[in-house]
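Visitor: Build me a model:
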Amino acid sequence: QVQLVESGGGLVQAGGSLRLSCTASGRAFSNYAMGWFRQAPGKERQFLATVSGSGVTTTYAASVKGRFTISRDNAKNTVYLQMNSLKPEDTAVYYCAADSSIFFMSRESNTAARVWGQGTLVTVSS
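Guide: Residues are numbered from 1 along each chain as shown. Just a heads-up that it's a prediction; the model follows:
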């Protein structure tokens, strides 16, 4: 099983950009679909994006498509979330996750097999 550690969160002004990273320890990173979620105060956790184990296939939530880009580097056991044109409503704790397929990642809020990171806070000021 993998363990996940996110980094790259912080404070940014509206319109700015951030790149989040999530590094996995453990074996067979490329066997996992990886995803990014976020949870704002008082709200449910929200799916953002997922990428297949090979990195070829991606799926995005409509709310971030065109602004956020998910990618992975299997040689570095790392998945990234490039966030552009940030808005105050993007303020949240961002989590990465590993699961067996992008199908489950984008359709299920959680699964028995899913592994979560500890989260990293992104604050977008107006």
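Visitor: any weak-confidence spans in the chain?
Guide: For the chain, no stretch has pLDDT under 70.
Visitor: Distance check, the nearest residue to G119 once chain neighbours are set aside against Q46.
Guide: Spatial nearest neighbour of G119, excluding adjacent residues (Cβ to Cβ, 6 or more residues apart in numbering): V93 at 4.3 Å. Glycine gets a C-beta too; all of them are placed from N, C-alpha and C. The span separating V93 from Q46 equals 11 Å under the rule Cβ to Cβ, to the nearest Å.
Visitor: Give me the common contacts of the two.
Guide: When contacts are counted by Cβ atoms under 8 Å, 6 or more residues apart in numbering, V93 and Q46 are jointly contacted by R38, Q39, A40.
Visitor: From these, list the buried ones, please.
Guide: Buried members of the shared contacts of V93 and Q46, scored by 16 or more other Cβ atoms under 10 Å, are R38.
Visitor: any chance of the shared contacts of V93 and Q46 in a markdown table, plus secondary structure and distance to V115?
Guide: Shown next, in a markdown table, are these (DSSP: H, G, I helix; E, B strand; the rest coil; distance: Cβ to Cβ, whole Å):
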| residue | secondary structure | distance to V115 |
| --- | --- | --- |
| R38 | strand | 17 |
| Q39 | strand | 17 |
| A40 | coil | 22 |
